[in-house]
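>>> coordinates only, sequence not included:
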């Protein structure tokens, strides 16, 4: 009998202990601890010839990327945390910039946010925090690190977009100087993603900045406030917005040289209306020699700006089929990227969306830049439907000569973790192996270790951080540590080859952003365009990595420079090659 | 003795049949209550109610199917799939009428099982079963990228319901992807003619006409799409307002009028019925309800409503006018019938 009483007492204590454990923390922290625990179990993944492995905090990319409170009460809480890859010190290794947010209370008091951190790559995927040493100033509610050599001095500069005034940092040789005051930026918006690209074809990098909405910091929207009677999601009260809040007009700045910019949004025809802008990618998608801009808007039709003969931009998204879903409804556009997925020479577009919506995959039709939303045909629709996508990358991760797709996921509502929502707050990231014809095959946590961990992910950047020839991924996780996902591809075992290219352009366009490279092997022809920005609040490795599959030789490598010049280069396989403007073989 | 036994047996039969009738009544009540809760979107409570009902009547397949539908609407795919499966096991004859069963299995990630269910639907041999099954198989093939094979299934499904919005739209989608734009346009136009709020078809029509070089039509369909989009946003707002407060008459009125404006007669009827009950002095909701019934071909119902209106609101002209139109139409029809019947008597061998 006594034993039985003891047993009962033990059971009661155990139950209390377990339930205390469940209820003691909030949803955010419980997901964090779960994630961390899971991540550590993946430190020794099974031996596979191709794996993506989250190295967690062991890389030195420490500190949580905080934004808002764990309750995520306001819309401004949920959109921060971006990631940028740039070689700021010119040592040939990609360094990492991480942006974090703030809280409404801190922002009201005029205090700095949780800060933007710069981590120097020490090699072997180890990093050290050099934020202060490199002159990165305290930031407010930071969104995206936007890297680009805007003055063509060969050193990568940095723009930090923010909720509030954006900050331009000039790279003066491994140390940044705040030059915002003289840059000529206008507006005090809530900026999200941005892109450096030569939009007017004058040989320097202009800037397009996505702006989200006008958030009233002093009187934030909340359930019950006039105009916000329905801040409900699946019957639960959640943070309000974006609906009900005024959207913001994106801004475009022309590079005037000498570190000065001039707003040209209206002059260039880009003031088509305020929208909830979140993601942007620029490039010559249709191959007509002039750049286009594709902008993801949250809950509003996306924009596709094409430059007309008069040099002004027009929004052609609707009739080209990239403004909304297959169902004809605008979706909650977050992150974007572009690449030729079906081998017809036209770049296809991908846009990540809210849970309950597919991530849109717009495939070009008949070799023309007209698109059909093809996520169901492509095999990517079902897996993404219950997830909320942010950062996105179209890269050949496994170097088989076909573009793959990675999507960083995480919900905006902590309430999504409650039972019966059909989704979760922390979520799996998605990976789809490309088939080369616009179709994809999903791989899961059973195939790639990093996909077995749920996190509340946001921005994702793509680049070869260990210079081993394959593309690694850095994912910013909200109120959590960053995920450095190492691409562990056993090229020897899989007989995979690559060619890596770093392009050095002429004059002020040293970054060679907008240059298009076509690489041909005995069996295949592929094209990629140099771009730094895509995904969500991210800057990527500007180098190009072509997967060659089993091919061991490149028969032709042609560069179409942004000024229209075309050059051929001889390149070495399984190595990075530097291709300089004017130094081609013909 | 034999007689006594006979009486005893008779009593037993009467008692048993009374009991059975009572049980049937109970089950019917429970189902009706569950359906009402589902209509009110009170899904959590509906699930609790159905769980209890299934506890009382574990062999009733329909209760399980209703439970599956509740879970489906709550996006609880696994639970929905399990409930549907157990329901269909008890009532295999209803398989063709539960299109959400394979969909929930699919959303739970089991593509092979979804395919098997669709194949079973086709095997039922019923029109609805073949239509739903072929459509589902077509959709799975689209996800597999096998467009030509998908086309075959979708075309077979269409033969069972040539005006089906979902099948015509999906056929249009496949044909559009194959570059067969003129054929795609025809299917999208069928959908748009049937449902002026069908955003996907209106959007697709704008794109297809643009690609065909018919910019005028493209512009027309874009305008129609934008109009439908704006209406759908307002409909969504009304539905959210009504979910919060079912007595929000302004939202109810806007919802009804929007459906009415876009000729969604069956959807408009519900809100107009509710408005008729809550605003008995206002003749318009009742008139519009009757008009919807008339458009849906439910002439008797429309006539009853209009007759009542003539008595209750004698000066309300639109109702009298519609009634006159209906009567004139009826008279013309009967005249025509009379003429036909008064025609020459066919000679033997003619017109059997």
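Nice, thanks for sending it over. As the structure is a computational prediction, the values presented were derived from the model and not from experiment.

>>> can you list the weak-confidence ranges in the stretch 201-350 of chain B?
B:340-350 (pLDDT under 70).

>>> now with 80?
The model of the stretch 201-350 of chain B has pLDDT under 80 over residues B:244, B:337-350.

>>> ok, the closest residue to chain A within it - contacts?
Proximity of the stretch 201-350 of chain B to chain A (CB to the nearest CB) peaks at residue B:203, 2.9 Å away. Glycine gets a C-beta too; all of them are placed from N, C-alpha and C. By CB atoms under 8 Å, 6 or more residues apart in numbering or on different chains, residue B:203 lies in contact with A:324, A:327, A:328, B:221, B:225.

>>> out of those residues, which end up buried?
By neighbour count, with 16 or more other CB atoms under 10 Å in any protein chain shown, these hold A:324, A:327, A:328, B:221, B:225 as buried.

>>> quick one: secondary structure of the second one?
If I follow you right, that is residue A:327. Secondary structure, DSSP: H, G, I helix; E, B strand; the rest coil: residue A:327 is coil.

>>> that older thread, so the residue of the stretch 201-350 of chain B closest to chain A sits in a helix?
Yes. Assessed with three-state DSSP, residue B:203 lies in a helix.

>>> quick check: it vs residue A:385, distance?
19 Å (CB to CB, to the nearest Å).

>>> would CSV of the contacts of residue B:203 with distance to residue B:164 be doable?
Formatted as CSV, the contacts of residue B:203 follow (distance: CB to CB, whole Å):
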residue, distance to residue B:164
A:324, 23
A:327, 17
A:328, 18
B:221, 20
B:225, 21
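
>>> about what we covered before: and the buried ones among the contacts of residue B:203, which two are furthest apart?
A:327 and B:221 (15.0 Å; CB to CB).

>>> center of chain B - which residue?
Note on chain B: the residue nearest the mean C-alpha position is residue B:266, at 8.7 Å, using CA atoms, centre = their mean.

>>> show me where pLDDT drops low in the stretch 401-550 of chain A?
Checking the stretch 401-550 of chain A against pLDDT under 80 turns up A:420.

>>> near chain B, which residues of it?
A:420, A:421, A:422, A:423, A:437, A:439 (CB under 8 Å from any CB of the partner chain).

>>> of the residues you listed, buried ones?
Of these, these count as buried by 16+ other CB under 10 Å: A:421, A:422, A:423, A:439.

>>> for the first one, give its distance to residue A:356.
This means residue A:421. 10 Å.

>>> same question for the last one.
Using CB to CB, residue A:439 is found at 23 Å from residue A:356.

>>> now, among the buried ones among the residues of the stretch 401-550 of chain A next to chain B, which is nearest to chain B?
Using CB to the nearest CB, residue A:422 comes nearest to chain B of those, at 3.0 Å.

>>> which residue sits closest to residue A:307, ignoring its sequence neighbours?
Leaving out its chain neighbours, the residue that sits closest to residue A:307 by CB to CB, 6 or more residues apart in numbering or on different chains is residue A:290, at 4.6 Å.

>>> ok, residue A:503 next?
Using CB to CB, 6+ apart, the closest residue to residue A:503 is residue A:512 (3.7 Å).

>>> hang on, the earlier thing: out of the buried ones among the residues of the stretch 401-550 of chain A next to chain B, which is nearest to residue A:279?
Distances from residue A:279 to these, taken as CB to CB, are shortest for residue A:423 (20.8 Å).

>>> what residues are up against the closest one?
Residue A:423 is in contact with A:355, A:356, A:386, A:387, A:388, A:411, A:416, B:75, counting by CB under 8 Å, 6+ apart.

>>> which of the residues you listed tops the neighbour count?
Ranked by the number of neighbours (other CB atoms under 10 Å in any protein chain shown), these place residue A:388 first, at 28 neighbours.

>>> can you list phi and psi of the nearest residue to that residue once chain neighbours are set aside for me?
Of all residues not flanking residue A:388 in the chain, residue A:355 sits nearest, at 4.4 Å (CB to CB, 6+ apart). According to degrees, to the nearest 10, the main-chain angles of residue A:355 amount to phi -70, psi 150.

>>> what helix or strand is the residue nearest to the centre of chain B on?
Assigning secondary structure by DSSP states H and E places residue B:266 in helix B:265-278.

>>> which strands or helices does that helix pack on?
Here helix B:265-278 touches helix B:249-261, helix B:283-295, going by 3 or more CB pairs under 8 Å, 6 or more residues apart in numbering or on different chains; DSSP states H and E.

>>> gap between it and the chain center?
On the basis of CA atoms, centre = their mean, to the nearest Å, helix B:265-278 sits 16 Å off its chain's mean C-alpha point.

>>> for it, buried residues please.
In terms of neighbour count (16+ other CB under 10 Å), helix B:265-278 has its buried residues at B:265, B:267, B:268, B:269, B:270, B:271, B:272, B:274, B:275, B:276.

>>> just stretch A:137-150 next, same as before
A:137, A:139-150.

>>> these: which two are farthest apart?
Maximum pairwise distance in these, criterion CB to CB, is 26.2 Å, between A:141 and A:149.

>>> for residue A:165, see how far away residue A:95 is.
24 Å.

>>> and these two? Which one has more around it.
It is residue A:95, of residue A:95 and residue A:165, that has more neighbours when counted by other CB under 10 Å, with 23 against 15.
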